[in-house]
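1. Okay, sequence plus prediction incoming.
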Amino acid sequence: MNEELSTDYAIKLDIFEGPLDLLLYLIKKNEIDIYNIPIALITQQYLNYIQMIKSLNLDLAGEYLVMASTLIHIKSRMLLPLPEEPSEEDLEEDPRSELVRQLLEYQAFKEAAASLGQRPLLERDVFVRSSALPEELINSRADDDELIEASIFELIEAFHNIVSRLDNKELLEIDLEKLSLTDIINDVMDRLMREKNLTFEELLGERKDRRRIVYTFLALLELIKLKMVKAYQTAAFGVIRIFPAVEP
Amino acid sequence: MDNISAVIEALILASESPLPLEKICAVLNGVDKTEVKDALDKLIAGYEERQSGISIQEVAGGFQFRTRPQMAVWIKKLKGNRPGSLSPAALETLAIVAYRQPIVKAEIESVRGVDVSAPLKGLLEKKLIRIMGRKDAPGKPIIYGTTKKFLEVFNLRELADLPTMRELTEITEQQGMLDLETAEEDTGRQETVTQESIGEQISQVISDRFSEDDIDP
Amino acid sequence: MDNISAVIEALILASESPLPLEKICAVLNGVDKTEVKDALDKLIAGYEERQSGISIQEVAGGFQFRTRPQMAVWIKKLKGNRPGSLSPAALETLAIVAYRQPIVKAEIESVRGVDVSAPLKGLLEKKLIRIMGRKDAPGKPIIYGTTKKFLEVFNLRELADLPTMRELTEITEQQGMLDLETAEEDTGRQETVTQESIGEQISQVISDRFSEDDIDP
């Protein structure tokens, strides 16, 4: 077999969407009842397929190996003799049931995907007006309360673009904690702008769970560090009042 | 006022995206909603009767001029075949998101049995799915859902328009039907599989699958 | 062949620019040019006779669907507040503010490498960002942060719903097998950030189980 032929073969072998897809194929191929899978037969064929892929030196996704071990496990459990008088539990617990559930679920979605694909798709089967009308050529900027169409994905992508232009690794260190802290910071600044000054107690308001207290405190530390607020105390151990660092 | 049907027709053509009935009513304020709906229905029927090459379709909660599916072959001749159709992996992932939304990546993966990073990314880029928020669970995973564009692309009026998944409802009902008696029979059949028959099968698999792919480009 | 008029109608709607007669003939190759012209004329006449709100007009050397001039007043009403999209510069600026807030202009500029006065102004006008206060530093620079409207527009419950950079790289690149590693790294980081709240957080995570109602579609 020459080089070209063998790669051609390789591409054609990569035809399953995953281990469940392969299993469904084997079930269909053998005309097996999905509710009553002869596990030994299917395991054998599944392993042969994997062997085949390996012998062709093709990449095999880890999920295929996980499924192989699942099949072997189910097979070994099926070989265990049933107790003389099987309890209700023994009867209910067919080792295959979870796999069957998965297969049926996957099969249902595979069919759903196929039926989605058969719909009249925009830009494949149906088309909409794609030339601009004269009034669209005049760029009519609307009032300032206009709606904005953008998705978070666009927003993150924009940020990702910026970040990828920078070497600054520190910029990548954005995590959940910082962001939920930012919510509190926003909140604190809002209230300070409205009320001019507040005590820590007042800042907390009604919501005095531990998480809230800690976050509010961290927010204040951050704001003080950023020189956005100032904290004053009338006396030692007195009430601490928070002011905006600069009058708005 | 001009003929209501004519105004509606112009509005639908001029709109960038499917135009909701409510918006039409808002523009024609003062006209009764049922009257607007009647005029719209008549308009739609007119395009049907004339067997026009275009029609007004209800998609994504609004009305839009679209070419008829039978015209696709001619339009492709005009515009050329364009790539960018969805792979089976993307379509499966999209179906799971569509029917199970809001859904997190791990749940999609548990249905498909494989990693879905690549198809998810593709679907996000195509704006067929979107990030809806985060799940209040360990790791705060991202929740995905479909977009309005999904409805537009798949010619759906609304999510409820998705064909029902008959099989999914049956799963829970039929689960009890598994029985253990078959275990013995099973071990017996093991011997019938030979190494040779597998080779033959695999080539069968290849030809089966390949021809399937040929049908759906 | 389908009715020629219907095909022409569909081609004109789908075309990206006014469609010249020659192009129509090229698509319908084999059909006589005079026959095509006849079908087109009939089509155009049909829209006239029906006093339709739209018509096929010859512009810039081709044919195009347009709304009738009398409809302009209605279309203006429709487009009165059409959604505006954000420019890439605005989107980038907004992203920096969202992730790095509270932030001053100079910091945004040091990240973007260009002057951001214009996008900042635009974002303020669109009420996506706001002035949070002033920093007690030389020049008393203005501090920016995002608004409630920002959350609404991007369908976020709170800022913490914004995907983290790690998740972003997961989405935009392919990660896959590294999941376990990052999970460990994750817990490590949480401990260093808020030592005290970790116990609280875990119990919160456990008790606040995800409920579908929490997420607004």
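-> That came through, no problem.
2. Can you show me the helices along chain A?
-> A:3-13, A:19-29, A:39-55, A:62-79, A:88-92, A:97-117, A:134-137, A:152-165, A:176-195, A:200-204, A:210-225 (DSSP state H).
3. could these be laid out in CSV, adding mean neighbour count and distance to chain C?
-> Bear in mind the C-beta positions are built from the backbone N, C-alpha and C, glycine included. Conversion of those to CSV gives the following (neighbours: other C-beta atoms under 10 Å in any protein chain shown; distance: least, C-beta to the nearest C-beta, whole Å):
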stretch, mean neighbour count, distance to chain C
helix A:3-13, 12, 20
helix A:19-29, 20, 16
helix A:39-55, 19, 19
helix A:62-79, 16, 8
helix A:88-92, 10, 27
helix A:97-117, 19, 19
helix A:134-137, 12, 6
helix A:152-165, 20, 4
helix A:176-195, 19, 4
helix A:200-204, 15, 15
helix A:210-225, 18, 5
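4. Distance to C:Arg130 and mean pLDDT added to those helices, as a markdown table?
-> Conversion of those to a markdown table gives the following (distance: least, C-beta to C-beta, whole Å; pLDDT from 0 to 100):
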| stretch | distance to C:Arg130 | mean pLDDT |
| --- | --- | --- |
| helix A:3-13 | 54 | 41 |
| helix A:19-29 | 49 | 92 |
| helix A:39-55 | 57 | 88 |
| helix A:62-79 | 47 | 90 |
| helix A:88-92 | 60 | 60 |
| helix A:97-117 | 42 | 91 |
| helix A:134-137 | 32 | 57 |
| helix A:152-165 | 17 | 65 |
| helix A:176-195 | 9 | 77 |
| helix A:200-204 | 19 | 76 |
| helix A:210-225 | 16 | 78 |
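5. who wins for proximity to C:Glu48 among the ones you listed?
-> For those, the distance to C:Glu48 is smallest for helix A:134-137, at 19.4 Å, taking C-beta to C-beta.
6. about what we covered before: tabulate the helices of chain A (a markdown table), appending distance to B:Glu125.
-> A markdown table is the format used below for the helices of chain A (distance: least, C-beta to C-beta, whole Å):
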| stretch | distance to B:Glu125 |
| --- | --- |
| helix A:3-13 | 24 |
| helix A:19-29 | 24 |
| helix A:39-55 | 30 |
| helix A:62-79 | 24 |
| helix A:88-92 | 45 |
| helix A:97-117 | 18 |
| helix A:134-137 | 25 |
| helix A:152-165 | 8 |
| helix A:176-195 | 24 |
| helix A:200-204 | 42 |
| helix A:210-225 | 35 |
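7. show me where pLDDT drops low in chain B?
-> Within chain B, the stretches with pLDDT under 70 are B:1-2, B:83-84, B:166-217.
8. Return the distance of the spatially most central residue of it relative to chain A.
-> Taking C-alpha atoms, centre = their mean as the criterion, B:Phe154 is the residue nearest the geometric centre of chain B, at 4.7 Å. Note on B:Phe154: its distance to chain A, by C-beta to the nearest C-beta, to the nearest Å, is 5 Å.
9. And for B:Ile129?
-> Taking C-beta to the nearest C-beta as the measure, B:Ile129 and chain A are separated by 9 Å.
10. For burial, what's the neighbour tally of that residue?
-> A count of neighbours around B:Ile129, defined by other C-beta atoms under 10 Å in any protein chain shown, yields 27.
11. And it, its phi and psi?
-> Geometry field for B:Ile129 lists phi and psi as phi -130, psi 160, criterion degrees, to the nearest 10.
12. Appreciated, that's everything.
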